[in-house]
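show me how the following folds:
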Amino acid sequence: MSKTSQQNTATDANGVSVIHTQAHTSGLQQVPQLVPVSPGGGGKAVPPSKQGKKNSFVDRNSDEYRQRRERNNMAVKKSRLKSKQKAQDTLQRVNQLKEENERLEAKIKLLTKELSVLKDLFLEHAHNLADNVQPVGTETTTTDPENNGQ
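Numbering: from 1, shown residues only. Sure, this is the predicted structure:
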């Protein structure tokens, strides 16, 4: 059994070369291989949506062109208004948060003063209690002048 093979190369419409190999023993065998047609290595693939538009001339006086431009202009205007509104909303929110922050800082200052006053009152009261209370286990002895050691 001899295994001689023969190759035929064909190029399809997309510029892809397909190599057909015919082996002597097994009949026709197709092995698709992507081989660039141009010596420079090929180009980028073009999506189907862009294939037909490459060489087409746009008639700027046509109704279709005017409709597309009008729709595009409306979309741009809508996008810009939306962006402007978002910026205004953000600025308004920033101002609200600044006001709330100032209000909360004033409240913190007031509560800190109140805490200081209450601490001072508590410490003064605790100090007065400590002065009036005698330690446990010490009794005060009172001497009765009438019973002078008798």
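
do a quick rundown of the helices in this protein.
For the chain, the helices defined by DSSP state H occupy 48-51, 63-132.

point out where this protein drops to low pLDDT.
1-56, 134-150 (pLDDT under 70).

show residues contacting stretch 89-102.
Residues from elsewhere that reach stretch 89-102 (CB atoms under 8 Å, 6 or more residues apart in numbering): none. No exception for glycine: its C-beta is placed from N, CA and C like everyone else's.

for that stretch, C-alpha coordinates in PDB please.
Extracted in PDB, the C-alpha atoms of stretch 89-102 (Å, rounded to 0.1, in the frame of the first residue of the first chain):
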ATOM      1  CA  ASP A  89     -29.200  66.100  40.900                       C
ATOM      2  CA  THR A  90     -25.700  65.300  42.200                       C
ATOM      3  CA  LEU A  91     -25.000  68.900  43.000                       C
ATOM      4  CA  GLN A  92     -28.300  69.200  44.900                       C
ATOM      5  CA  ARG A  93     -27.500  66.000  46.900                       C
ATOM      6  CA  VAL A  94     -24.100  67.300  47.700                       C
ATOM      7  CA  ASN A  95     -25.600  70.500  49.100                       C
ATOM      8  CA  GLN A  96     -28.200  68.500  51.100                       C
ATOM      9  CA  LEU A  97     -25.400  66.400  52.600                       C
ATOM     10  CA  LYS A  98     -23.300  69.500  53.500                       C
ATOM     11  CA  GLU A  99     -26.200  71.100  55.300                       C
ATOM     12  CA  GLU A 100     -26.900  67.800  57.200                       C
ATOM     13  CA  ASN A 101     -23.200  67.500  58.100                       C
ATOM     14  CA  GLU A 102     -23.200  71.100  59.500                       C
END
